[in-house]
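Colleague: need coordinates for the following:
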Amino acid sequence: MKHWKSINCLAICCLSVLMLSCSTENTVVGSIGVSDVKSSGCKASASLMESRPDYYNHFIGQRSVLHLLLGKENTVTARFADVMDNCAIDLFHVAASSSEGKIVLILYPDKDMMTNCICRYDVDFKINNMPSGNYQLEVYHTTADKQINKDNQIFSGTVNLEKGKELILTMSR
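Modeller: You can find the predicted model right below:
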């Protein structure tokens, strides 16, 4: 009987330590990856030189949105809707990295060209190996060189991914 009490106390202590050490504050993420990137063509365009000023101002005043939906096998189906960039883009790319509960997404075009018009695009992609949980998310929309800085950051905040629940995040531009 003495041994059973000792074993029970030890088991309760170990179980308590395990329960207290578990936290949903941040999720540990391994190596995430991006796949199946598809860009729409130009959905709508505006030009400072050729568009009516009221139309142009309304057009550039709209913000893009990022949709995230965590599905099976820890895969997030994602879409940047109404991303604005120059009219000469054929393809967008998305890069992702993770470290200690922080996810960084970089949206960038295949090439940089000077144009006098702006188009709206949709960019669909998948993020692989992303379990449910809380993340610090940073999103950047860069030029083709993928150099990130505060000027091209379009979102920064904490997000909670849950299977089957869509997140809709409004970007700063």
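
Colleague: center of the protein, which residue is that?
Modeller: Against the mean C-alpha coordinate of the chain, by Cα atoms, centre = their mean, the closest residue is residue 105 at 5.2 Å.

Colleague: identify the bridge partners of the closest residue to that residue other than its chain neighbours.
Modeller: Excluding the flanking residues, the one nearest residue 105 by Cβ to Cβ, 6 or more residues apart in numbering is residue 139, at 4.8 Å. In this view, the C-beta of every residue, glycine as well, is placed from N, C-alpha and C. Taking DSSP bridges as the rule, residue 139 bridges to residue 105, residue 155.

Colleague: does residue 139 touch residue 171 like I think?
Modeller: Yes: using Cβ atoms under 8 Å, residue 139 makes contact with residue 171 at a distance of 6.7 Å.

Colleague: show the low-confidence segments of this protein, by residue range.
Modeller: By pLDDT under 70, the weakly predicted segments of the chain are 1-30.

Colleague: which residues of it fall in helices?
Modeller: 2-21, 53-61 (DSSP state H).

Colleague: related to what we said a few turns ago, more crowded one of residue 139 and residue 171?
Modeller: Comparing residue 139 with residue 171 by other Cβ atoms under 10 Å, the one with more neighbours is residue 139, at 23 against 19.

Colleague: residues in contact with the more buried one?
Modeller: Residue 139 makes contact with 66, 104-107, 153-156, 169, 171, according to Cβ atoms under 8 Å, 6 or more residues apart in numbering.

Colleague: nothing else from me, thank you.
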